[in-house]
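Engineer: Provided below for reference: sequence and predicted model.
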Amino acid sequence: MDIIGIIPARYASTRFPGKPLADIGGKTMIQRVIEQCKKSEVLKKVIVATDDERIFNHVKELGHDVYMTSADHKNGTERCHEALKLEGGSYDFVINIQGDEPFIEPEQIKLLASILDRKTEIATLIKCIDHLDDLQNPNIIKALKADSGLALYFSRSPIPHMRNIPTEDWMKSHQHYKHIGMYAYRVDILARLVTLSPTPLEIAESLEQLRWIENGYRIKTAITPIETIGIDTPEDLEKAMKEMPL
């Protein structure tokens, strides 16, 4: 099974412009993401897909593989697809690794790779929710899965809704999961995903993966015990550096 890791990295960000180049203990954020990906040892190759010359030149100077992609892409899935076409070669799966997760654990990438097989269309990770505040936070995406592991739905709201149970007891009555935003796509499926138009559920929740579910694609999930820390603001980075060893 040949898997390529692609890291979409945009310079423009409303809340944290230029964050892929932010310094984290003497290394840039994008450098740390690349290095963590390569430690997983399950990726045949790791490449960065960017739309900015500053990021492109920096990654090149570090000696890593990078492609300049269109600034018009609406999401990381589209950017991954273009980078894969530019790369060429023969791969079975693409793993899309978020460019703003410098503390991603190689074990998470290995876990995602371990559930891939020829029948897998899309795969992702989920994690048990341990705190009621997280369950109620609309910025934390919740996931609902079948016993088979296939995703049933993703939402910004708590799912399932625990009818006739006090909110404070929801955590005791059902195991809730949150979504970890790393995807594996079978290469032929990725080519189809980028042709799909936005769907009503996707628009309602502002969640791209609902477009895939509405179009009948199956998303396999694996449960990780490892927390991830995405960096959306300078304050997130400051907090993460206090909590995470470098």
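Structural biologist: That came through, no problem. Numbering: from 1, shown residues only.
Engineer: touching, residue 1 and residue 116? I think so.
Structural biologist: Yes. Residue 1 is within contact range of residue 116, at 6.2 Å (criterion: C-beta atoms under 8 Å). In short, each C-beta sits where N, CA and C put it, glycine included.
Engineer: restricting to C-alpha, output the lowest-mean-pLDDT helix or strand in the chain in PDB.
Structural biologist: In the chain, no helix or strand scores lower on mean pLDDT, DSSP states H and E than helix 234-243, which sits at a mean of 80. C-alpha atoms of helix 234-243 as PDB (Å, rounded to 0.1, in the frame of the first residue of the first chain):
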ATOM      1  CA  PRO A 234      -1.400  33.300  18.100                       C
ATOM      2  CA  GLU A 235      -3.000  32.700  21.500                       C
ATOM      3  CA  ASP A 236      -3.500  29.000  20.600                       C
ATOM      4  CA  LEU A 237       0.200  28.800  19.800                       C
ATOM      5  CA  GLU A 238       1.200  30.400  23.100                       C
ATOM      6  CA  LYS A 239      -1.000  28.100  25.100                       C
ATOM      7  CA  ALA A 240       0.200  25.000  23.200                       C
ATOM      8  CA  MET A 241       3.900  25.800  23.700                       C
ATOM      9  CA  LYS A 242       3.300  25.800  27.400                       C
ATOM     10  CA  GLU A 243       1.600  22.500  27.400                       C
END
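Engineer: quick one: buried residues of it?
Structural biologist: 236-237, 240-241 (16 or more other C-beta atoms under 10 Å).
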